[in-house]
Every structure is written in structure tokens, then in C-alpha cells.
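Provided below are the primary sequence and the corresponding predicted coordinates.
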Amino acid sequence: MHRAMCTTFEAPMTTFLNGCTFMKPESIETILVKDVLKAFITLSFSVVCAFFARAQSCQSPLPLCPGAPAEQTIEIQFPLTFDCFTGDFTQFMQFTTTDFIPGPGINANVAVTGISCTDDTIPATLQMIVFETAPGANLCDPANYFNSQGCASGTTSMNMDMTNLSPNTTYTVLLGTDATNLVGPCTFSTEITGNAVSLTVCCDETISLGDSHSMTVTGNPNNTYSWFPILNMEGSDTPNPTVFPEEITTYVVSSDVGECTLTASVTVFVGPPVGIPNTITPNGDGVNEIWTISGIDRFPDAVVTVYDRWGQQLFKSIGYTKAWDGTNNGKRLPTAAYYYVVELNSTDVKIPVLTGSISLIH
């Protein structure tokens, strides 16, 4: 259980953790409750509350990652003005673009929904601006901001679509309100989407059982990726693995870009390994004279056997280099139903033995 601690002292000027400086307070009462430091600054005519949380300061901006909307709260009083933005209570967030190829259609969108801010008794307006800073620059100093992507504002929601982004670049999202008399914290949810902050993966495909499929992914400048599942996969930590799925499989790739772990997926649909007709008509008209099994040439060790209804073997071939023509040792067989067993003997994946019937019609 945490015990409340109170300390009162006089100070002509005090600089707090978030970089704010308050002039000539009469007294400062510091209360530590549940490990969250709250400083109440008592001024001559009003009380200003500053809630200090490391993750919500300009020194440590929150990461803004693709995914479900993240609920946020602005409680820090940090007055700041830049370009079209003026805020008294502010919050800093950052996102990093992927290693995309610049061109038309590349974008990122930041949506802010569920805004709940009250200035005295009226809804306060929440503002947003997105900009760059040089690597290592002091994010608390607006003199280091450049390449603004514009501003957005709203009392219930707002949206910013950015189409002039650079690859492999960290952008700062500054959110704030110019309300001076907030009633409680300012709450909202943020979400970022778009191909500028996504991995690019290719491609969904339908293959035959026993075939392989190569996938590709881009987005991380260091080409560091992790794929799952890795069963029947070659190159699970590369940008272009090869898979030999035995059934319909969705492969998920993940990679760290900036402070976010991005994911994408590819689904490989697996169809029958070979095409087996159920009828042949060896009547001399040149049509459908032989039993052609499509795709079996991919399985040089395949064994194909045909039986009559009593289980007598009529035909057997290893490799099936010569298709069955409806005869047994050169003798024409009568019109009837016959039964086959096809063992593909793949060296890459496990394929069950294929069985069925074939109608021979004269």
C-alpha cells in the first residue's frame, strides 16, 4: 500500500520534469500517489495541475503503431506553438515509415476518434500536427521542427492523410488543446494506417500439392524478418522464403520498424497435386484415347496402378511416362469401371495415396 507524502516549500521559479517553467508560485504541494507524481501549483488566482508521466513528455514520445486504436490521455501542461498548431496541454507521439519506394499512392493516415475534452463547461478543440526533426534533435524545442504535413482539429474526431512522406523517416505527431481550464484529462483514441507504415508482402497464390511457392516482403531497410509457421519453409528469416505447404496455409511475417513491430500475411492455397480424369474413350476417333494425368510429370517416382473390379492388376507404370490406353498386355478391355491407385512419392511434401475409379467407354 502506498502512503501519501506531502511537502510544501517556497520557490520563485520551478522547472518540472516535462520542461515547463512556472513563474512565482506561492507554494507547491507534491503528492505521491500510486507511484504517479502529481504537482499542484497554487497561483494567485487559479490552480494549475500538471501530471507528469515519462511516456507522455517531449523527452519520451509515445510510439504510434499500426493496429487497433490506442486510447490516449493528455494531462501535461506544456505550452507550444509551431506552424498552424497552438496548444497549452500537449502530447507527443512518433511513427517511422517503412523502406518504401516513393511514388503515387504512398500514404499514411492518422485518425483521432472519441475526443473528450472540456474547457470550463464547453467542448475543447483538439489539434494535431505532424512534422520531422533531425535525428537526435531536442523534441522539446520547436526550432528543430520542419517539413510539416499540415494540421487537423476537431471536438469529437479528426483525420490527417499524408501523401508527402519519405521512406525510413521518423515523424512526430503533436496533439494538444489550447484550452486553459481543462475539466479533467483530455481523452481520445489514435490509429495510424497506410502503406507508408506497412510491410509490403507478395503474394497470395494457389498451387498444386507438391509444388513450391516463393514469397517476398519489403519494408525493413535492414531486411530482418521472421516468418511463421516455418514448417516446410526454406529461409524463414529472409525477405524471400520458399514454402512447400501440404494444405492451405497462412504465413505471417513480422519485422521491427522504428519502435513498432509490423506484421503482414500471405495465404497459399493448395489444390490437388495432379488432375485425374474419370473417363477415357479409346474408340479410334483420336479424342480422349488415353488416360492423361496432368501434372504427374512433376513426380518422376510416381507409381500408377489400374485394377479391375475383382482386384486383378491390369496396368502398372513407374514414372507414368506412357499413359494407359485401356488395354491389358495389348488386349482391348471391355467397357466397364476400373479402379486406380496413384502413389506420387514426392520428396518435398507428404502426399496421400490417390484412389478412385475410371470409366472405360468404347
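Noted; the coordinates are in hand.

run a quick neighbour tally on Asp297.
Applying other CB atoms under 10 Å, we find 12 residues neighbouring Asp297. Where you see a C-beta, it was placed from the backbone N, CA and C, and this is true even at glycine.

so it belongs to a helix, correct?
Yes - when DSSP: H, G, I helix; E, B strand; the rest coil is applied, Asp297 is found to be in a helix.

contacts only, for Asp119.
Contacts for Asp119 (CB atoms under 8 Å, 6 or more residues apart in numbering) come out as Thr177, Ala179, Thr180, Asn181, Leu182, Val183.

model confidence for it, exactly?
The per-residue pLDDT reported for Asp119 equals 79.

which stretches of the stretch 1-150 of the chain have low pLDDT?
Low-confidence segments of the stretch 1-150 of the chain, defined by pLDDT under 70, span residues 1-56.

which of the contacts of Asp119 tops the neighbour count?
Thr177 (24 neighbours).

including pLDDT, could the contacts of Asp119 go into TSV?
Output for those, formatted as TSV (pLDDT from 0 to 100):
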residue	pLDDT
Thr177	90
Ala179	82
Thr180	77
Asn181	78
Leu182	77
Val183	77
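
between the residues you listed, which is nearest Thr281?
Lowest distance from Thr281 to these (CB to CB) belongs to Thr177, with 80.6 Å.

skipping adjacent residues, who's closest to that closest one in space?
Of all residues not flanking Thr177 in the chain, Ala124 sits nearest, at 4.8 Å (CB to CB, 6 or more residues apart in numbering).

what residues are up against that neighbour?
Taking CB under 8 Å, 6+ apart, we find Ala124 in contact with Cys117, Thr118, Thr155, Thr177, Asp178, Ala179, Leu182, Cys186.

and those residues, which is closest to Ile358?
Thr155 (72.5 Å).

ok, the residue lying closest to Tyr145 once chain neighbours are set aside to Glu289 distance?
Spatial nearest neighbour of Tyr145, excluding adjacent residues (CB to CB, 6+ apart): Phe131 at 4.6 Å. According to CB to CB, to the nearest Å, Phe131 stands 74 Å off from Glu289.

these two: which is more packed in?
Using other CB under 10 Å as the criterion, Phe131 and Glu289 rank with Phe131 on top: 19 against 15.

may I have the helix or strand where that one lies as CSV, with CA atoms only?
Assigned by DSSP states H and E, Phe131 belongs to strand 126-133. Extracted in CSV, the C-alpha atoms of strand 126-133 (Å, rounded to 0.1, in the frame of the first residue of the first chain):
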residue,chain,number,x,y,z
LEU,A,126,-8.1,19.0,-30.0
GLN,A,127,-5.4,19.9,-32.6
MET,A,128,-2.9,17.7,-34.4
ILE,A,129,0.3,18.5,-36.5
VAL,A,130,2.8,16.1,-38.0
PHE,A,131,6.4,17.1,-38.7
GLU,A,132,10.0,15.9,-38.8
THR,A,133,13.0,16.5,-36.6
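
following element in sequence after that strand, please.
With elements assigned by DSSP H and E, the helix or strand that comes after strand 126-133 is strand 145-146.

buried ones in stretch 60-72?
Pro61, Leu62, Leu64, Cys65, Pro66, Gln72 (16 or more other CB atoms under 10 Å).

contact partners for the third one?
Spelled out, that is Leu64. Neighbours of Leu64 in contact, by CB under 8 Å, 6+ apart: Ala70, Met93, Gln94, Phe95, Val110, Val173, Thr190, Ile192, Cys260.

what does the fifth one give?
When the contact criterion is CB under 8 Å, 6+ apart, the partners of Pro66 are Ile192, Thr193, Val197, Ser198, Cys260, Leu262.

what does the fourth one give?
By CB under 8 Å, 6+ apart, the residues touching Cys65 are Phe95, Ile192, Glu259, Cys260, Thr261, Leu262.

wait, which of the residues you listed is closest to Pro239?
For the contacts of Cys65, the minimum distance to Pro239 (CB to CB) is 13.2 Å, reached by Leu262.

kindly state the beta-bridge partners for the closest one.
In this structure, Leu262 bridges to Ser255 when assessed by DSSP bridges.

now Lys316: which helix or strand?
Using DSSP H and E, Lys316 maps to strand 313-318.

how far does the very next helix or strand once past that strand sit from the chain's center?
Note on strand 313-318: by DSSP H and E, the next helix or strand toward the C-terminus is strand 327-328. Relative to the chain's own centre, strand 327-328 is displaced by 58 Å; criterion: CA atoms, centre = their mean, to the nearest Å.

what is the mean pLDDT for the helix or strand following strand 327-328?
Proceeding N to C from strand 327-328, the next assigned helix or strand is strand 331-332, under DSSP H and E. On average, the pLDDT along strand 331-332 is 93.

and if you look at stretch 308-320?
The average pLDDT within stretch 308-320 is 96.

just the contacts of Leu64 now: which is nearest Ile296?
Nearest to Ile296, judged by CB to CB, of the contacts of Leu64 is Cys260 at 47.3 Å.
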